[in-house]
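*Asks:* Fold the following, please.
(chains A and B)
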Amino acid sequence: MSPDLLLCLLAGLLVGCGVHLLLARSVVRALLGFLLLGNGINLLFVVAAGPRGRPPIVGLGEESQPMADPLPQAMSLTAIVITLAMTGFVLALAHRSWQLSRSDVVEDDPEDARIGLRAIENDMSESDFHGGVDADPRHVDPDEAPPGTVPEEDDGSDPDPDAAPVGSAPGEGAEPGVPGSDDAEAGLDADRPDHVDPDPSTPEPPARRPGQEGAL
Amino acid sequence: MSGEMLHTVLTALVPLPVLLPLVGAGIALVVRTRTRLQRAVSVTTMSLVLVIAITLLWGADTQGRLLVTVGGWLPPQGITLVVDRLAALMVLVAVTVTFAVLLYAIGQGRGAMDRESGGNAPVPIFHPTLLVLLSGVSTTFISGDLFHLYVGFEMLLAASFVLLTLGATIDRVRAGISYVFVSLASSSVFLMALAMIYAATGTVNMAQLSVRLAELEPATALVLQVLLLTGFAVKAAVFPMSGWLPDAYPTAPAPVTAVFAGLLTKVGVYAILRTQTLLFPASPLPDLLLWASLLTMLVGILGAVAQDDIKRLLSFTLVSHIGYMLFGVALASPAGLSASIYYVAHHITIQTTLFLVAGLIERRGGSTSMSRLGGMAAMSPGLAVLFLVPALNLGGIPPFSGFLGKVGLLQAGAEQPTPLVVALLVGSVLTSLLTLYAISRVWSRVFWRPPSVAPMTEDNRLERRYERRFALAPGVVAPTAALVLVGVALTVAAGPLLAVTDRAAAELLRPDGYVALVFGGGEVP
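*Replies:* Numbers count the residues shown, from 1 in each chain, chains lettered A, B, ... in the order given. Purely as a prediction, here's the structure:
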């Protein structure tokens, strides 16, 4: 088999650009990178199909000439369809990310960043080699009764598993001022310094209907 | 029943672990508004697949490999499905943990699943998506065609994208984006490997590849092997391609994390196991794999030790223990492969159980942060037991299955005492001890210490608001307990199970039997 040099070069170019874009932090750029990468690989399948030939349909064209190999084409078609579906999903994800944070930049994991920061600051306060919270059992939050005071109705005395309502479980009494989910969501947004405005199109969290609780 | 009839029946069962979940997913999607009906459909499907998987394992063990040529298209053009002992065992374990997770999710109720997004999440899609995930996982296990394997991967990836971003809250979207791109990149590498394999050999049928790759120039075959390994290693979270996992998994709802932790990385391990033994038996690249295995173990577990969040800690132990499975594959000896297969079965079960227990801790204690939890042993002794058994199992305490798997691997390693293997033996013992340390940290902080609570400061005020405590309903405890028992059963039934994995390893090391089956014993085209 003698591969087509031009196709090989083009595939290499597309894959190279694709990899470069895929490394970007912007979701849309990375998506374009994935698309280029996918197209480069599809060209690779065309290269893999070997020399051109007559259509791979029996009884069509000159019987003496060799047929083109249809299998790589079937494979690249499958890959194209899969790429299309994945692109749709990533676009939806990028849109949602923009809806929530007005940016399509992939952000660092906060917990990762927190632990990294503690390592830089040499903060040993949560480690086993520091007295920390382990040492002082009286270190109790005044706002909150210790979890031991939760009424013991766990492990099976709840008659209806689905009816354990969010925000009104008996153990909830420990925190008197638990806000509704509206407040909680606003709190999450306010936590983000670069936050502009909650998307008006985001629907309000509806009041929980009783029938919804157990609908998983 | 005559032998031939039995064989026909067993062969007819082969495609069902793929087909049934897909059909079930379709029906569950149609009846998504009718909760009880949807649950009935999912549970029925899972039960059927579970029975079929048990039958297939029995069949593959007693009758030999089972072959189906899909649609009657003969190999090498047509797709072949091959169920051997390894594939059947993997399907069985996968169905078992997915079933437990499904029951857990049903017991948890819908409210808990989407409380972060205020009830807006399209949670009725959970059941169909989980079924599609199972179907994709089964596809990769029973496929005898490399391109079909790729399609199986994409099926399970698409389902996992949906599950990971369920509810599309800000954290899940962030975690989802990086997970999606890492997965897409690894799939692209796999696809590139497929195109090059086709260019080099003119086939993607694994049996035919087994013959043709051996005839290639060694350098060409090496490129193809490394490409395939890279693609699979990202999915299996092998160091240095493991960084995505601890960021992606912990944000998802507990049942989703559990099924991901159990299954998705092991699908990558399975693909490595299959391609290394079937396609590249002559050049197993032992040194490369041994180094990857050693670094995966050590880096993973050192990451786990530094964590504060239980789910993140478990994610790091998950990465670390992938190293053990890779160790067995790298040894490429009957004992190593057998121990590796046993370890995969053990690890899928235990890791899923631990993530489900972490979900219970979150429900009961309102958080998964070790610095905020405390006194859980007094508050909920049953939960403490549910945690302790799989945790000791993971840490490799005798007599649990983690211990048996590790001893098997150490014995297999001791048969080939090269310096690198000896380093790995030391490394795996060290990893085991560090796992025990990480797990005992969770135990002493979350369960044993007095219920001290960190003060409410301005920093954690917002987080503390989210902490909600629930009573543990029997619907979530029972599936978790059942899975803990399955983990214990791996120990109790270790004798027969290790006999099966021994035979599976022997089968893997005879790829000519596989080739002969696919081509009916005739000439390989």
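*Asks:* The helix ranked longest in chain A near chain B at all?
*Replies:* When chain A is parsed with DSSP state H, its longest helix is helix A:70-101. Yes - Helix A:70-101 is in contact with chain B by C-beta under 8 Å from any C-beta of the partner chain, via A:71-72, A:75, A:78-79, A:82, A:85-86, A:89-90, A:93-94, A:96-97, A:100-101. No exception for glycine: its C-beta is placed from N, CA and C like everyone else's.
*Asks:* Show me the shaky parts of the stretch 51-200 of chain B.
*Replies:* Applying pLDDT under 70 to the stretch 51-200 of chain B flags residues B:110-123.
*Asks:* where exactly do the helices run in it?
*Replies:* Using DSSP state H, counting those that start in this stretch, the helices of the stretch 51-200 of chain B run over residues B:85-113, B:126-142, B:146-164, B:170-201.
*Asks:* Also the stretch 201-350 of chain B?
*Replies:* Along the stretch 201-350 of chain B, the stretches classed as helices by DSSP H, counting those that start in this stretch are B:206-215, B:218-236, B:244-248, B:254-259, B:265-274, B:286-305, B:310-331, B:334-365.
*Asks:* Please export the C-alpha coordinates of the shortest one as PDB.
*Replies:* Pointing back at helix B:244-248 there. Extracted as PDB, the C-alpha positions of helix B:244-248 are listed here (Å, rounded to 0.1, in the frame of the first residue of the first chain):
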ATOM      1  CA  TRP B 244      -8.200  13.900  36.200                       C
ATOM      2  CA  LEU B 245      -9.800  11.300  38.400                       C
ATOM      3  CA  PRO B 246      -9.700  12.800  41.900                       C
ATOM      4  CA  ASP B 247     -11.000  16.100  40.500                       C
ATOM      5  CA  ALA B 248     -13.800  14.500  38.500                       C
END
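*Asks:* Return the set of buried residues in stretch B:233-249.
*Replies:* By neighbour count with 16 or more other C-beta atoms under 10 Å in any protein chain shown, stretch B:233-249 contains the buried residues B:233-239, B:241-249.
*Asks:* Can you report how many residues neighbour the residue nearest to residue B:193 when sequence neighbours are not counted?
*Replies:* Setting aside the residues directly before and after it, residue B:193 is nearest to residue B:227 in space (C-beta to C-beta, 6 or more residues apart in numbering or on different chains), at 3.7 Å. One way to gauge burial is a neighbour count; for residue B:227, by other C-beta atoms under 10 Å in any protein chain shown, it gives 19.
*Asks:* Would you mind finding the most buried of the helices of the stretch 51-200 of chain B?
*Replies:* Mean neighbour count (mean count of other C-beta atoms under 10 Å in any protein chain shown) peaks for helix B:126-142 among the helices of the stretch 51-200 of chain B, with a mean of 27.
*Asks:* Settle this for me: residue B:37 is touching residue B:30, isn't it.
*Replies:* No - in this structure, residue B:37 sits apart from residue B:30 without contact. The criterion is C-beta atoms under 8 Å, and the distance is 9.4 Å.
*Asks:* Kindly state the beta-bridge partners for the closest residue to residue B:14 other than its chain neighbours.
*Replies:* Ranked by C-beta to C-beta, 6+ apart and with sequence neighbours excluded, the top spatial neighbour of residue B:14 is residue B:68, at 4.6 Å. For residue B:68, the beta-bridge partners under DSSP bridges are residue B:81.
*Asks:* Let me know how buried residue B:68 is, in neighbour terms.
*Replies:* Burial of residue B:68, expressed as a neighbour count using other C-beta under 10 Å, amounts to 19.
*Asks:* quick one: it from residue B:19, how far?
*Replies:* Spatial separation of residue B:68 from residue B:19 under the definition C-beta to C-beta, to the nearest Å is 11 Å.
*Asks:* hmm, back to that, for the residue nearest to residue B:193, give me its contacts.
*Replies:* Taking C-beta atoms under 8 Å, 6 or more residues apart in numbering or on different chains as the contact definition, residue B:227 lies against B:189, B:190, B:192, B:193, B:196.
*Asks:* just checking, what packs against whichever helix or strand residue B:47 is part of?
*Replies:* Residue B:47 is part of helix B:35-63 when elements are defined by DSSP states H and E. Secondary-structure packing of helix B:35-63 (3 or more C-beta pairs under 8 Å, 6 or more residues apart in numbering or on different chains; DSSP states H and E): helix B:3-13, helix B:16-30, strand B:66-69, strand B:80-83, helix B:85-113, helix B:126-142, helix B:494-508.
*Asks:* what sits up against the fourth one?
*Replies:* When you say that, I think you mean strand B:80-83. In this structure, residues lying in contact with strand B:80-83 by C-beta under 8 Å, 6+ apart are B:14-15, B:56, B:59-60, B:65-70, B:91, B:142-145, B:205-207, B:514, B:517-518.
*Asks:* show me where chain A has helices.
*Replies:* Using DSSP H, the helices found in chain A span residues A:5-22, A:27-48, A:70-101, A:110-120, A:132-135, A:181-190.
*Asks:* Can you say which of these is packed in most?
*Replies:* Sort the helices of chain A by mean neighbour count, taking mean count of other C-beta under 10 Å, and helix A:27-48 sits at the top with a mean of 22.
*Asks:* do it and chain B meet at all?
*Replies:* Yes - Helix A:27-48 comes into contact with chain B (C-beta under 8 Å from any C-beta), by way of A:27, A:30, A:34, A:37, A:38, A:41, A:44, A:45, A:47, A:48.
*Asks:* export that helix as CSV, just CAs?
*Replies:* What follows is helix A:27-48, C-alpha atoms only, in CSV (Å, rounded to 0.1, in the frame of the first residue of the first chain):
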residue,chain,number,x,y,z
VAL,A,27,-14.2,25.2,26.6
VAL,A,28,-15.1,26.3,23.2
ARG,A,29,-11.5,26.4,22.0
ALA,A,30,-10.9,23.0,23.5
LEU,A,31,-14.0,21.8,21.7
LEU,A,32,-12.7,23.1,18.4
GLY,A,33,-9.5,21.3,19.1
PHE,A,34,-11.4,18.1,19.6
LEU,A,35,-13.3,18.6,16.3
LEU,A,36,-10.0,19.2,14.4
LEU,A,37,-8.5,16.1,16.1
GLY,A,38,-11.5,14.0,15.2
ASN,A,39,-11.3,15.2,11.6
GLY,A,40,-7.6,14.5,11.4
ILE,A,41,-8.2,11.0,12.6
ASN,A,42,-11.0,10.5,10.1
LEU,A,43,-8.6,11.4,7.4
LEU,A,44,-6.2,8.8,8.8
PHE,A,45,-8.9,6.2,8.2
VAL,A,46,-9.2,7.4,4.6
VAL,A,47,-5.4,6.9,4.3
ALA,A,48,-5.8,3.5,5.9
